[in-house]
Structures are given as C-alpha cells and as structure tokens.
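Build me a structure from this.
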Amino acid sequence: MSNPFDLTARIGVVPVIAIESVDHAIPLADALLEGGLPTAEITFRTEAAAEVLARLHEQRPELLLGAGTILSPEAARLAVQCGAAYGLAPGFDPAVVDAAQSAGLPFAPGIMTPSDISLAAAKGCRLMKFFPAAPAGGPSMLTNISAPFAHLGLRFIPTGGVKLETMGEWLSLPVIAAVGGTWIATARDMREGDWAGITTRARAAVARAKELRP
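Numbering: from 1, shown residues only. Just a heads-up that it's a prediction; the model follows:
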C-alpha cells in the first residue's frame, strides 16, 4: 500500500467525522464514495468510533480510513487493530507519537505553535495537523510559524473552521498536504439520514480541490 498521507494529499480534502451510530457507517461510506471522496477521518470522539472503523475496514476496503482524535497510546493501538491506515490528533503528545510509530501507524500530531512543530519534528513527524486552523490565525499564521522549518520539508493538514469557500486559501500554500473538513458530513446530517447531502458536499469538495490542484 502506498503511503496513506501521499494518497490524502492527492485527494486534497479529508472529511472529519464524529459518527454516533454504527448503523450509519456503511451509508456514510457509500455517500462519500459516490461523491468521489475515498477517504475519511473517523474521530475517537464517540463510543461508536472503533466499531465503525472495524466495520468500514471489513465492508468498504476501498475507503482509505483514518482515525482522528487519538489522545492516548491505547487509542493509537486500537486504531491499528480496527484497520485505520493513518491517525491524527488535535495536539502533540510524545507518548502517543511513540505508540503510533511502534504500531506502524502513519501519524500526524496536532500543532498550533512553533514549539509544537519543534517537538513533533524532533520525533520524526513530517506531517502535522494544524488545529484549530481558522481560530489559530488561518493561512497567514501557518505560513509564518512554519517558515523557520521549511528546510525540513514539513507538510500540514489544517482542520477547524476550514470551509468549501476557504479551501483555496489553504491549498494554494505549498506546505499544505490536504485540508480537513467537518462540514462534509456532520452528526446532524447522519442523524437525519441526509446521505444525498453528504454526497453533494463531498463531490463539491473534491471538485474544488481539483480546480486548485489540476
């Protein structure tokens, strides 16, 4: 399998999903795939997350699965057991990075400051999650805090406040691998069974990414 982060960079956008019911797993996957978006970050913010990952890994292997909100070494190991191809976190925790690396899980810790970047880079991380992207200062902030590390070849996935309308501000930056989007499939969308809406938003996000990175 190719590096999953290389694949997400080619896609340009990753839906960030807090899924509340295992019964929503397959309809969600099918809605994303129909919209041409073959990846998803399933966050460990709900009790259903682990079972959702396992079900999707078994029944929708064509979906590139990420596990998000990995806050403990145990969660990193669980993500691998459930079939996640990559993992992300909102912050930097050296114990979590160590666990992910030991488990062979490609991992992007969260950063918001130059100190965060320094610590993550010292652990060998070359892809990081900039979170919360918009409240932390947006593209200008990331450009400035990442500049001293340019020689390391770091790349980032901004998440938090990113929208379809602002994707261009991010994807125009050379340091951006992909953007994370919570707007594509919200908990409310899934509770209401708005699978068609998820497909529409997924298709629009993919199209926008292709416009920006032909």
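
Contacts only, for Glu58.
Gly83 (Cβ atoms under 8 Å, 6 or more residues apart in numbering). All C-beta atoms are positioned from the backbone trio N, CA, C, and that covers glycine.

Can you name the next helix or strand after the helix or strand hosting it?
According to DSSP states H and E, Glu58 maps onto helix 49-59. Downstream of helix 49-59, the first helix or strand assigned by DSSP H and E is strand 64-68.

helices or strands up against that next one?
Here strand 64-68 touches helix 4-11, strand 39-43, helix 49-59, strand 86-88, going by 3 or more Cβ pairs under 8 Å, 6 or more residues apart in numbering; DSSP states H and E.

Give me the residues contacting that strand.
Contacts for strand 64-68 (Cβ under 8 Å, 6+ apart): 4, 7-8, 14, 16, 38-45, 49, 53, 56-57, 75, 79, 82-89.

Narrow those residues to those that are buried.
With burial judged by 16 or more other Cβ atoms under 10 Å, the buried subset of these is 4, 7-8, 14, 16, 38-45, 49, 53, 56-57, 75, 79, 82, 84-89.

now the helices and strands packed on strand 64-68 in CSV, with distance to Asn144 and mean pLDDT?
Shown next, in CSV, are these (distance: least, Cβ to Cβ, whole Å; pLDDT from 0 to 100):
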stretch, distance to Asn144, mean pLDDT
helix 4-11, 22, 96
strand 39-43, 26, 98
helix 49-59, 34, 98
strand 86-88, 23, 98
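
okay, those in JSON lines with distance to Ala150 next?
Below are these laid out as JSON lines (distance: least, Cβ to Cβ, whole Å):
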{"stretch": "helix 4-11", "distance to Ala150": "17"}
{"stretch": "strand 39-43", "distance to Ala150": "26"}
{"stretch": "helix 49-59", "distance to Ala150": "35"}
{"stretch": "strand 86-88", "distance to Ala150": "22"}
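
Buried residues of stretch 120-129, list them for me.
For stretch 120-129, using 16+ other Cβ under 10 Å, the buried residues are Ala120, Cys125, Leu127, Met128, Lys129.

Next: stretch 110-122.
For stretch 110-122, by 16+ other Cβ under 10 Å, it's Gly110, Ile111, Met112, Asp116, Ile117, Leu119, Ala120.

now swap in stretch 19-37 and tell me
Neighbour-count burial for stretch 19-37 [16+ other Cβ under 10 Å]: Ile19, Ser21, Val22, His24, Ala25, Leu28, Ala29, Ala31, Leu32, Leu33, Gly35, Leu37.

Quote the end-to-end distance of that stretch.
Stretch 19-37 has an end-to-end distance of 17 Å (criterion: Cα to Cα, to the nearest Å).

Need the residues that contact that stretch.
Residues contacting stretch 19-37 (Cβ under 8 Å, 6+ apart): 11, 13, 15, 17, 38-40, 42, 46, 48-49, 51-52, 55-56, 59-60, 62-63, 184-185, 187, 190-191, 193, 195-196, 198-203, 205-206.

From Leu154, how far off is the nearest residue to Arg55 once chain neighbours are set aside?
In space, and not counting its chain neighbours, Arg55 is closest to Ala25: 4.8 Å by Cβ to Cβ, 6 or more residues apart in numbering. Distance check for Ala25 against Leu154: by Cβ to Cβ, to the nearest Å, it reads 33 Å.
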